[in-house]
Every structure is written in C-alpha cells, then in structure tokens.
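> for reference, the sequence and a predicted model appear below.
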Amino acid sequence: MPYDTNKTYDHNLIQKPLRLVILLGSKCQLHCDYCFQQNSSNHIPVDNFTPSKIEDFMKSLRKFDLSNISHVTLWGGEPLLYFKTIKQLVPRIRQEYPHFKNFFISTNGLLLNQETLEWLYENGIGMQISDDGKNQDRGLKAIQEFPRIRSFVKSFLETHPDMHVKINAVISKNNLDLYQFTKWAMQAYGENIKISFNVLHTPVEDKDITNNSLYRFTDKQLQLVFTSTFKTFTELTPSVRSRYDVYLHRLLKLGNIDTVCLSGRNAQLNVDVNGDTYVCNEFPFKQTRKFIKTNDRIKCNDCLVKNLCGGSCPLISDKNVYCLCDLSFAFYYGIFCAIVHNTTGLDVYDIGVSNDLISRLGNKNDYDKAILNNRHSVINIQRL
Ligand code: SF4
Ligand code: SF4
C-alpha cells in the first residue's frame, strides 16, 4: 500500500512488512554530532528492553502479520548495551518465527569483545559497525577506543571470514574523502571488509538545520566528495563492489522511486519493547509526521540522480531537503559518473543542474537565502 502523503502516517497500517527492526532502547555511549536521536528536541527516548519483558514483547508481536519478514535488525541507541536481553530474545524469536532467516545488529562497536563476537557469530547474526575512520564527529571516546576494536574485529574476521560484517560511514565535513576512507578501512579491517556510506541527513525541524554549520558545505568540499566518490566506484575494490551493485540496480530501475528507505516504502516495521511502532528506526518519534515522496519534490523530479538519491529522507521538509541536497548531489553524481564510466568507458561532461532548471526553481520557489546559496554550489560540481 503506497503512502498517501496527505494523511498522517500510522505504522500499524503496514500489511505485510519485509523487515522487522527491534528498537532495544535509546541508550548510547557516544554523542555523535550528527546523531538524529540526541540532537532533536522532538526525540522521545524508547523504553529499555530488559530480559523480563521478552514474553510480553512476543505477545505484542502477534498483532502483526509477520509472514513476509525475512530480515530482523537489532537497533538502539546502542543495541549491545542490551546484550543480556539479546542473548535470550534472539533464540526466542527464532523459536516462534523459524522463517526469519537473517538477523543483523547495527552497533557502534564499543562493546565488541571475544564473548559478544563469538555469540553473534555462533547465532548467525550479521553486523553493521558505524565507523567514520579518523572523523572527529563522534567524540573522544570513539577516538580512544576504536583502534583497539578495529584490530580486534580484523583478527576475528581472519579466523571467521564467513561472518557477515559491514562498516558504515557517514559522509560529513570530517569525512569527505571517500577514496581515502575506503583505503584506510581496508587496512583497518582487512582487504575484503564491506563498506557502505550514508549521506548526512536528518529529519529534525527546519529551524535546527537552516542555521547549523554541520549542513553547510563549500564548493571545494563538495568537489572532493564528488571526485573521491567517482574514484572509489571506478576502482571498485571488493569492499565497495556490493554497494556499487545496489546503486546500479537503483539507477536502472527506471520506474518511480517513492522514497529512499524501507520505512518510507511501507516495508519495514519498527517496533519497541512495548509493541509500539515508529515511523522511522533511525529517529524514533511518536508524533505523526507526513512523508514526502521523491516525486512530490519539485527539485527532485528534474534531478539527474533522482533514482540513486531517492530524494533524501521522506521525513524532511522540502526546505530541509534542499539544504542537504548539495551533499547528496555531489555523492550520487560521483556514483552516476562512475556507472557511466564503468559500463561505457566514456566520461560524463557538463551534466549538472541546467540553467533552465535553476531559473525555474528561482521563480517557482520562495526558499530563504541560505538555501539559495547552498543550491548554487551544486552548479559548481566540475566536469571530469
Ligand atoms: S540530489 Fe537533491 S534534487 Fe537530486 S534527488 Fe537528491 S535531494 Fe533531490
Ligand atoms: S525515514 Fe528513512 S531516510 Fe529518513 S531517517 Fe528514517 S530511515 Fe533514514
């Protein structure tokens, strides 16, 4: 059932979700600058999931039709802070829902040790570790602790190469050079580590974003995102190969892309310990909020990289998406050019935002000065 953007969204309406995301609680040991959960006044902490609540949780799951679920993701805050619960919860879920095949945990990695890693491995739970390399956005604790964690994970993977591990990096001011990042990650975690990237986006309020320097990028910074993305995805090391295939698939899917994420496509059920559901797993909030489909955004409709980008987060207002668009465009345009290069051997010249589109946007929309300035830098992405 597609979203009706004129109505507020109720997650209980999902008929047959494909993915279940369990929100174990909002606690986390880090304070990343770009964190959705801690940086908005709109965020309501999710109740903590303790082992004593497992049976009630199992009861609450029965009100959903979970027959199409194949993926389960353990989410937080930091889910490994709830390791005691996880150790009992996962076998219990597997017992009741044997068709749930793939389990993943999305972790900041700080609590990874021999016991947790072995347990995850033995229980067939894949892992996504959030790691931005030398990035300073994540605070002193991450900087101090991460070298130890990385070498520990690297040696674990040498003896357990079949464990599904991916690292995920946020592209931010402190993490603009994706090529250097990829090279660095392959040294830190081993040649075959899988890497994915998130473009900075956050569904906070307009006022939180328009004056926040975290979201302002210079032409030079955008250029670096573009060139390093192009280089990363033309060199195609094993680490980014599977990501490239995802982008290629998205680009070739010529039909409409409603929204970028599964939450927006009505395919993901985000549920907390009480069986309450949330619009988005990254940013749990209970207030109703409207979704904006990619095709309902004027600027995205004409955009060259629409199918790759998906129009950013469907929960962000039109105004905010245009604030964050420069970074998205630089990244996805780099991927677009890499796909053209890899498949045809040709390089892309002079594609970008056309003057016609710029003048139409200028006439049609009344964006504030900051957004207009920001849009300008998209135009300056240089030809290859
Ligand atoms: S790059 Fe910008 S205009 Fe293009 S689809 Fe993404 S958010 Fe929309
Ligand atoms: S709605 Fe989707 S894109 Fe937006 S923050 Fe949530 S998961 Fe990310």
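Arrived safely. Ligands and ions are numbered 1, 2, ... in the order given.

> poorly predicted segments of the chain, please.
Low-confidence segments of the chain (pLDDT under 70): 1-14, 36-44, 136, 202-211, 254-256, 285-289, 349-384.

> residues contacting the residue nearest the centre of it?
In the chain, the C-alpha nearest the mean C-alpha coordinate belongs to residue 198, at 4.8 Å (Cα atoms, centre = their mean). Residues counted as contacts of residue 198 (Cβ atoms under 8 Å, 6 or more residues apart in numbering) are 168-171. To be clear about C-beta, it is placed using only N, CA and C from the backbone, and glycine gets the same treatment.

> backbone dihedrals for it, please?
Main-chain dihedrals, residue 198, degrees, to the nearest 10: phi -110, psi 130.

> quick check: it vs residue 246, distance?
With distances defined as Cβ to Cβ, to the nearest Å, the gap from residue 198 to residue 246 amounts to 13 Å.

> same deal with residue 294?
Distance from residue 294 to residue 246, by Cβ to Cβ: 17 Å.

> what parts of the protein come near ligand 1?
Residues of the chain found near ligand 1 (Cβ under 6 Å from any ligand atom) are 297, 299-300, 303, 305-306, 309, 311-312, 321, 325, 328-329, 332.

> possible to save these as TSV with neighbour count and distance to residue 235?
As requested, those are arranged in TSV below (neighbours: other Cβ atoms under 10 Å; distance: Cβ to Cβ, whole Å):
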residue	neighbour count	distance to residue 235
297	21	32
299	22	31
300	23	29
303	21	26
305	23	20
306	20	25
309	25	22
311	28	28
312	27	26
321	24	30
325	25	26
328	25	22
329	28	22
332	25	18
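
> can you tell me which of these is nearest ligand 2?
residue 312 (7.1 Å; Cβ to the nearest ligand atom).

> can you give me the strands in this structure?
With DSSP state E, the ranges of strands along the chain come out as 19-23, 71-75, 102-107, 125-130, 165-171, 194-199, 268-272, 277-278.

> can the longest helix seen in the chain be found next to ligand 2?
Identified as the longest helix of the chain according to DSSP state H is helix 318-344. No: with Cβ under 6 Å from any ligand atom as the threshold, helix 318-344 lies outside contact range of ligand 2, at a closest distance of 10.5 Å.

> mind checking how far the residue of the stretch 151-300 of the chain found nearest ligand 1 is from residue 262?
When Cβ to the nearest ligand atom is the measure, the stretch 151-300 of the chain has its nearest residue to ligand 1 at residue 300, with 3.2 Å between them. Here residue 300 is placed at a distance of 19 Å from residue 262 (Cβ to Cβ).

> and if you look at residue 235?
29 Å.

> next one: residue 219
Residue 219 sits 33 Å away from residue 262, going by Cβ to Cβ.

> thinking again about what came up before, so which of residue 235 and residue 262 has more stuff around it?
In terms of neighbours (other Cβ atoms under 10 Å), residue 262 is the more surrounded of residue 235 and residue 262; the figures are 18 against 14.
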